[in-house]
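> got a predicted structure plus its sequence, pasted below:
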Amino acid sequence: MHQPRTLVSLRSLRLPATAAALVLALSACTPAVDVAPAKDAANPACAPMMVALPDTMGDEHLRKTNSQGTAAWGDPSKVILRCGVNVPGPTTDRCVSVNGVDWVIKEGDSVWTLTTFGREPATEILMDPDSDQISSATVLAELSAAAGKIKATRNCVGQEELQNLPTGQ
């Protein structure tokens, strides 16, 4: 009597084993995106933001990456995120506020770098400005809620605020 139970148990295990093999085979089709981690990627303050990231960015889906504190959307990647980058200091680069999160924008020819301002650790987004699929406005709107999980300690100031600062007399 003991052997028939063993045979039934083995047969009942075939279906889950086959399903597990199929899942492994399918996941092998989409390799992890190779993203270099930021210097402070292991900072515990990155964790709440990372778990709050959206599953989609425009029409692009979140993909697995090979390093901590990173994320990527699209295949090939249209948007790359890295938490734990150097915190930007005072800058004359353009700074915009989207849903309560300040972002410093550096416009390059082939890549734009969008970095949170006034939050430590800082988060960096790399994206192709010529991408027809995802605009920088969409990226910042989609990621501001997650980036807001890291507390702000400073805000960007504009020309108007600078004119209203007291002078050292």
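Happy to help now that I have it. Everything quoted here is computed from the prediction, not taken from an experiment. Residues are numbered from 1 along each chain as shown.
> any low-confidence regions in this structure?
Applying pLDDT under 70 to the chain flags the ranges 1-30, 158-169.
> mind listing the strands for it?
Under the criterion DSSP state E, the chain contains strands at 56-57, 60-63, 70-73, 79-85, 94-98, 101-107, 112-116, 122-127.
> what bridges to R63?
A72 (DSSP bridges).
> surely it meets V35?
No: with contact defined as C-beta atoms under 8 Å, R63 does not reach V35; the gap is 9.9 Å. Where C-beta positions appear, they are placed from N, C-alpha and C, glycine not excepted.
> tell me which of these two has more neighbours.
Using other C-beta atoms under 10 Å as the criterion, R63 and V35 rank with V35 on top: 21 against 17.
> enumerate every residue touching that one.
Neighbouring residues of V35 by C-beta atoms under 8 Å, 6 or more residues apart in numbering: T65, N66, S67, T70, A72, I80, R82.
> how about JSON lines for these, with neighbour count and distance to I134 added?
What follows is the contacts of V35, written out as JSON lines (neighbours: other C-beta atoms under 10 Å; distance: C-beta to C-beta, whole Å):
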{"residue": "T65", "neighbour count": "20", "distance to I134": "17"}
{"residue": "N66", "neighbour count": "13", "distance to I134": "22"}
{"residue": "S67", "neighbour count": "14", "distance to I134": "22"}
{"residue": "T70", "neighbour count": "24", "distance to I134": "17"}
{"residue": "A72", "neighbour count": "25", "distance to I134": "12"}
{"residue": "I80", "neighbour count": "20", "distance to I134": "12"}
{"residue": "R82", "neighbour count": "27", "distance to I134": "17"}
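> neighbours of P88, how many?
Neighbours of P88 (other C-beta under 10 Å): 21.
> ok, it - contacts?
V104, T115, F117, A122.
> again, but for K78
By C-beta under 8 Å, 6+ apart, the contact list for K78 reads M57, G58, E60, M127, D128, S131, Q133, I134.
> K151: which of those is nearest?
M57 (23.7 Å; C-beta to C-beta).
> ok, and the closest non-adjacent residue to that closest one?
Spatial nearest neighbour of M57, chain neighbours left out: W73 (3.9 Å); criterion: C-beta to C-beta, 6 or more residues apart in numbering.
> no further questions, thank you.
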